[in-house]
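A.B. asks: I'd like to go over a predicted model; first the sequence, then the structure.
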Protein chains: 2
Amino acid sequence: IGGLVLIKNPHLDTMEEDILYHLDLGTRTHNLPAMFGDIKFVCVGGSPNRMKAFAQFMHKELGLEGSGEDLADICAGTDRYAMYRTGPVLSISHGMGIPSISIMLHELIKLLHHAKCRDVTIIRIGTSGGLGIEAGSVVITDTAVDASFQPRFEQVVLGDVVVRSTDLDRDLAEELLACSKEVPDFPTLIGHTMCTYDFYEGQGRLDGALCSFSSEKKLEYLKRAHEAGVRNIEMESTAFAAMCGLCGLKAAVVCVALLDRLEGDQIRAPREVLREYQQRPQRLIAAFIRRRLGLHPPAGPALPSSN
Amino acid sequence: IGGLVLIKNPHLDTMEEDILYHLDLGTRTHNLPAMFGDIKFVCVGGSPNRMKAFAQFMHKELGLEGSGEDLADICAGTDRYAMYRTGPVLSISHGMGIPSISIMLHELIKLLHHAKCRDVTIIRIGTSGGLGIEAGSVVITDTAVDASFQPRFEQVVLGDVVVRSTDLDRDLAEELLACSKEVPDFPTLIGHTMCTYDFYEGQGRLDGALCSFSSEKKLEYLKRAHEAGVRNIEMESTAFAAMCGLCGLKAAVVCVALLDRLEGDQIRAPREVLREYQQRPQRLIAAFIRRRLGLHPPAGPALPSSN
């Protein structure tokens, strides 16, 4: 069973039908093997517009016919998530935070299983706050850690805490770093990524509706994170690493830093600058997918459409 | 300072500008008091389409001019959340899960503060899984509890766990229950609402990509929840109750049950039935807002547009 997606649920085989509710897909209503059986790359990110732009960009990067502008949302029947495919690439939004990405991953992993996909690589392309790195830097995660800088994901199952490993694929991370040489106009590095349940208090921001700590305590915490190897902070990586790892998916997390949290809390860069930052992980992943498929880069400037 | 929104953050007053990044609003770019100063009711829910439909429905229920079909998304510059207003009612989506609603609430509460809003009532209108109640029943939450059935919200701040109360406004819950007599075609009840970080394993579902427990263990857990007074399960109420409580907002949670979890895990009802279920909390809240404003119900059938 080399390369198949592993479902760790003995109950699933006994179900006559599986409704993937939040994707508006199902085993009885859709021919999942026909729709998805040849998918080799799954890219996920928070924003639906960004994941649409990524699918359109990949369409061009793969040299496929047409502009890609008319790619349809496969999950159009629901607004919980958006999903696009072009060639062997699936692009899906996951919203913000661990609960939101975990619903999507449960249903995506079942989808890949029902579709009998093989040798799938899954990559989260996201945004994050940097830690001691220049705004616009791209971080490839070697280890996803929690708010105590530990490489673990705590999942509550029937009221009890279960601790899961957050290992990511080391070879994949190195392969992505090698690919970054092809997109040399921004810095790319490998580091730990801290994953939190909250954007404000949970990441030590002073600018939320609630804040009970001083600027000094905040900096002390962020510097401890930096000393532990954390180079960026986001809100999905531990759950993503844990679930993909358990299900045998080779997984990577590639996020751009929108700011350096050692210098501030608010995201102040102009929209145009932020837009270009968000294209950076997309360009890196396009280079990676092209290389894997043995394709040369397309002629002319390769830039994702804005969103 | 009666009725003002309380910001529990001494740093906020020292900021020259506050960028509400995920709402695409800010104190320097927008005149928040002019845009929002007269808001009295804030309704929040997971799905952007549903919150748009609710705003359009309220527009009609308030007897305002025009069809309401052309209400603009105030957060159109971002796809993280969607926001609509009609009369004194603001309708905002929050995505799925505690981290997603918490980002929105931080920025919404700051918005209400900057706009100098007074005497705001905030209500989450959502979907949920029922526990020992008929599908389609509407649950008004008296207490939001965690996966151990405790009325608490654990928030990680700078790596340490802080425990917060999840009290909701009792009088408001009773007032909503009284209003439910005006919409007698579905059952409405008051009960505890359990809030989890995961839809599948965290709510004892047997149909996720991962499941390590038996059907018996699942039912044992759900029955214990029912005995503790839990009548429905969703993914935002504890954070919502805790944050609104700390900031002095009178808050309520009103969710329809899409199924009875004692009878199954998958959401199998036809889309048309689910659509009508999702309109039920909207109709109850419309009756409540009309009553608060001293308005009579509009003539003719009052039904929200679909989704």
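C.D. replies: Happy to help now that I have it. What you see is a predicted model, and the numbers here were worked out from it, not measured in a lab.

A.B. asks: Going by C-alpha atoms from here, please, whenever you check contacts or count neighbours.
C.D. replies: Fine.

A.B. asks: which stretches of chain A form helices?
C.D. replies: A:32-36, A:48-61, A:98-114, A:170-179, A:215-227, A:237-246, A:271-293 (DSSP state H).

A.B. asks: wait, which of the ones you listed is closest to chain B?
C.D. replies: With CA to the nearest CA as the criterion, chain B lies closest to helix A:98-114 of the helices of chain A, at 4.9 Å.

A.B. asks: got the angle between that closest one and helix A:237-246?
C.D. replies: Helix A:98-114 and helix A:237-246 are oriented at 20 degrees to each other (axes from the mean of the first three to the mean of the last three CA atoms, to 10 degrees).

A.B. asks: what mean pLDDT does helix A:98-114 have?
C.D. replies: For helix A:98-114, mean pLDDT is 98.

A.B. asks: any residues touching it, and which ones?
C.D. replies: Outside helix A:98-114, the residues that touch it by CA atoms under 8 Å, 6 or more residues apart in numbering or on different chains are A:4-7, A:20, A:22-23, A:27, A:32-33, A:36-37, A:81, A:94-95, A:197, A:235-237, A:239-240, A:243, A:247, B:95-100, B:197-200, B:208-210, B:235.

A.B. asks: who's in contact with the spatially most central residue of chain A?
C.D. replies: The centroid of chain A falls nearest to residue A:124 when counting by CA atoms, centre = their mean (1.6 Å). Residues in contact with residue A:124, defined by CA under 8 Å, 6+ apart, are A:43-45, A:251-255.

A.B. asks: Out of these, give me the one that has the most neighbours.
C.D. replies: Per-residue neighbour counts (other CA atoms under 10 Å in any protein chain shown) across the contacts of residue A:124 peak at residue A:255, which has 31 neighbours.

A.B. asks: Against chain B, how distant is the closest residue in space to that residue that isn't next to it in sequence?
C.D. replies: Nearest residue to residue A:255, sequence neighbours excluded (CA to CA, 6 or more residues apart in numbering or on different chains): residue A:126, at 4.5 Å. Using CA to the nearest CA, to the nearest Å, one gets 13 Å for the distance from residue A:126 to chain B.

A.B. asks: Take the helices of chain A and write them to CSV, including distance to residue B:155 and mean neighbour count.
C.D. replies: Below are the helices of chain A laid out as CSV (distance: least, CA to CA, whole Å; neighbours: other CA atoms under 10 Å in any protein chain shown):
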stretch, distance to residue B:155, mean neighbour count
helix A:32-36, 39, 16
helix A:48-61, 28, 24
helix A:98-114, 14, 23
helix A:170-179, 32, 16
helix A:215-227, 16, 16
helix A:237-246, 17, 25
helix A:271-293, 29, 19
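
A.B. asks: I'd guessed the residue nearest to residue A:255 sits against residue A:256; true?
C.D. replies: Yes: at 6.5 Å, residue A:126 counts as touching residue A:256 under the criterion of CA atoms under 8 Å.

A.B. asks: which residues do these two both contact?
C.D. replies: With CA under 8 Å, 6+ apart as the test, residue A:126 and residue A:256 both reach A:278, A:281.

A.B. asks: where in chain A is pLDDT low?
C.D. replies: Within chain A, the segments meeting pLDDT under 70 span A:1, A:297-307.

A.B. asks: Show me where it has its strands.
C.D. replies: A:19-20, A:25-26, A:41-45, A:83-86, A:89-93, A:121-130, A:138-145, A:152-157, A:160-165, A:188-195, A:230-234, A:250-260 (DSSP state E).

A.B. asks: Quick one: name the residues of the stretch 201-307 of chain A near chain B.
C.D. replies: Proximity of the stretch 201-307 of chain A to chain B (CA under 8 Å from any CA of the partner chain) is limited to residues A:201-204, A:206-212, A:218, A:221, A:235, A:266-268.

A.B. asks: With that, I have no additional questions.
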